[in-house]
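[1] pasted the sequence and its predicted model underneath.
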Amino acid sequence: MPETILKRRKRQAAPWQNRALRAKDAGKQKDAHKARRADIFKHVEKFAKEYQDQERDEIRVRREARKEGDYDVPGDHRLAFVLRIRCHLR
């Protein structure tokens with residue numbers, strides 16, 4: 001007898017157990033999802049704080065330069081274009 005039929009019979013033999021197992025698994029998945037969301041939120045907070053600190057540093061440097069009578073030239077964003085050319089010689 002094919003294995004899939006045996007598995008189906010076994011699964012249908014005790015439907016109340018399957019429901020209980022599915023509910024238990026759903027609860028575990030929900031808890032895991034909550035934990036993952038909390039980790040993601042902490043990660044995002046870390047990046048937000050990093051960018052906020054960077055912005056404050058730029059403001060501080062500008063103020064110090066102005067106080068000394070200098071100018072602060074902010075750094076430009078760096079952008080690189082990479083072009084790959086492949087040549088097939090036979």
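    Yes, it's here.
[2] lowest-pLDDT helix or strand in this protein?
    Least confident helix or strand, the chain: helix 3-13 with a mean of 85, by mean pLDDT, DSSP states H and E.
[3] and the angle from the top helix by length along the chain to helix 3-13?
    Longest helix in the chain by number of residues (criterion: DSSP state H): helix 15-68. Comparing the axes of helix 15-68 and helix 3-13 via axes from the mean of the first three to the mean of the last three Cα atoms, to 10 degrees yields an angle of 100 degrees.
[4] contacts for stretch 65-81?
    Contact partners of stretch 65-81, identified using Cβ atoms under 8 Å, 6 or more residues apart in numbering, comprise 58, 61, 62. Just so you know, the C-beta spots here come from the backbone N, C-alpha and C atoms, and that holds for glycine as well.
[5] give me that answer again for 10 Å
    Here stretch 65-81 makes contact (Cβ atoms under 10 Å, 6 or more residues apart in numbering) with 58, 59, 60, 61, 62, 63, 64.
[6] for the record, mean pLDDT for that stretch?
    Mean per-residue pLDDT for stretch 65-81: 86.
[7] just stretch 25-38 next, same as before
    Here the average pLDDT along stretch 25-38 is 94.
[8] what residues sit buried inside it?
    Buried residues in stretch 25-38, counted by 16 or more other Cβ atoms under 10 Å: none are found.
[9] how many residues are close by residue 50?
    Number of residues near residue 50 (other Cβ atoms under 10 Å) recorded here: 10.
[10] roughly how far does it sit from residue 74?
    17 Å (Cβ to Cβ, to the nearest Å).
[11] also residue 39?
    For residue 39 relative to residue 74 (Cβ to Cβ), the value is 34 Å.
[12] do residue 33 as well
    Counting by Cβ to Cβ, the gap from residue 33 to residue 74 is 41 Å.
[13] equivalent analysis for residue 56, please.
    Counting by Cβ to Cβ, the gap between residue 56 and residue 74 amounts to 14 Å.
[14] residue 42 too?
    As for residue 42, its distance to residue 74 is 30 Å (criterion: Cβ to Cβ).
[15] how about residue 67?
    Taken as Cβ to Cβ, the span from residue 67 to residue 74 is 17 Å.
[16] check which helix or strand covers residue 75.
    If you go by DSSP states H and E, residue 75 is not part of any helix or strand.
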